[in-house]
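Peer 1: okay, sequence plus prediction incoming.
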Amino acid sequence: MLDRNPIRRCGMAMGRLKPYAAAIATFACAACAAFGVSADQVDVSSPLAQYRLDPGRSGVTFGVTNAWHSNLTMRFSRIGAELDGFQGLASGRVMVTIDATSLEANAPFVTGIVEGGGMLDVVHYPAIRFVSTRLVRTGPLNCLLTGDLTIRTTTRPVTLAVTFDADPHEPTGTRQTLAFSADGHFSRAAFGLTNWSSAVGDDVHMRIRAEFVRERADP
């Protein structure tokens, strides 16, 4: 019989992990449930955990092929992200807001072009948003996260491959973190970003890096 409990199924693989990694895997599986994986029971009595994004360890990059470089990398240095509804095994969402005006490119002259009215038009649309709609666990530390990506006035579904960190930077007991990387691809033409099509590729590789710190609950 198929075991539909995500935490119990996760535990079957933990025997092959080191104890510290197994503890992180448990936390990651709980996060997967919070992001939308179905569960047999919802523990509504569990306190609502609060997480704060660590901006110094978080960011978003877009990568695309082009005629001048083998790969053009654009990094957005300012992002906001929230985990909503993390309570036991209840459903929840991850929401990422990218400050489009914080763009930096490995080819500096490209920054102004991408920020301009023919592309992102950051003057009128200063934010890029991703809101999760579904998450399916594929391993103890891996998930597939589907959500709605909004660029300018266009919203399209995008699926990201998520990998949770098994080795946090802080020693055990100092603080609890939830850190992950999410990788996916989208067509820029699907968002109406068709300028420079003869020199810049259509496929955009998006990578989200986010690290959250669990806030101490009020006594």
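Peer 2: Here it is on my side, so go on.
Peer 1: okay, buried residues for the helix or strand harbouring Ile208 please.
Peer 2: According to DSSP states H and E, Ile208 maps onto strand 203-214. Of the residues in strand 203-214, Val204, His205, Met206, Arg207, Ile208, Arg209, Ala210, Glu211, Phe212, Val213, Arg214 count as buried by neighbour count, 16 or more other CB atoms under 10 Å. (Glycine included, C-beta is placed from N, CA and C.)
Peer 1: who's the fourth one bridged to?
Peer 2: Counting by DSSP bridges, Arg207 forms beta bridges with Thr61, Asp183.
Peer 1: heads up, I number from 16, so please use that
Peer 2: Taking 16 as the first residue, the last one we looked at is Arg222.
Peer 1: contact partners for the closest residue to Arg203 other than its chain neighbours?
Peer 2: Spatial nearest neighbour of Arg203, excluding adjacent residues (CB to CB, 6 or more residues apart in numbering): Val219 at 5.2 Å. Neighbouring residues of Val219 by CB atoms under 8 Å, 6 or more residues apart in numbering: Phe77, Gly78, Val79, His200, Phe201, Ser202, Arg203.
Peer 1: tally of neighbours for the fifth one?
Peer 2: The reference is to Phe201. Counted by other CB atoms under 10 Å, the residues lying close to Phe201 total 21.
Peer 1: helices of the protein, residue ranges please.
Peer 2: 21-29, 34-50, 123-130 (DSSP state H).
Peer 1: residues contacting the nearest residue to Phe77 once chain neighbours are set aside?
Peer 2: In this structure, Phe77 finds its nearest non-sequential neighbour in Met89, 4.5 Å apart by CB to CB, 6+ apart. Shown in contact with Met89 (CB under 8 Å, 6+ apart): Thr76, Phe77, Gly78, Val79, Leu118, Glu119, Ala120, Asn121, Val125, Thr126, Val129.
Peer 1: what pLDDT does the third one get?
Peer 2: I take that to be Gly78. If you check Gly78, the pLDDT there is 92.
Peer 1: so it touches Gly216, yeah?
Peer 2: No. Counting by CB atoms under 8 Å, Gly78 does not reach Gly216; the two are 9.5 Å apart.
Peer 1: for the closest residue to Gly95 other than its chain neighbours, give the beta-bridge partners.
Peer 2: Nearest-residue entry for Gly95: Thr112, 4.3 Å, with adjacent residues in sequence omitted and distances by CB to CB, 6+ apart. The residues listed as beta-bridge partners of Thr112 by DSSP bridges are Gly95, Arg144.
Peer 1: counting neighbours, what do you get for Thr112?
Peer 2: Thr112: 18 neighbours (other CB under 10 Å).
Peer 1: any idea of the pLDDT on it?
Peer 2: Value listed for Thr112 in the pLDDT field: 94.
Peer 1: bridged to the closest residue to Gly207 other than its chain neighbours, which residues?
Peer 2: Computed as CB to CB, 6+ apart, the closest residue to Gly207 that is not its neighbour in sequence is Thr169, at 5.6 Å. With DSSP bridges as the criterion, Thr169 is bridged to Ile166.
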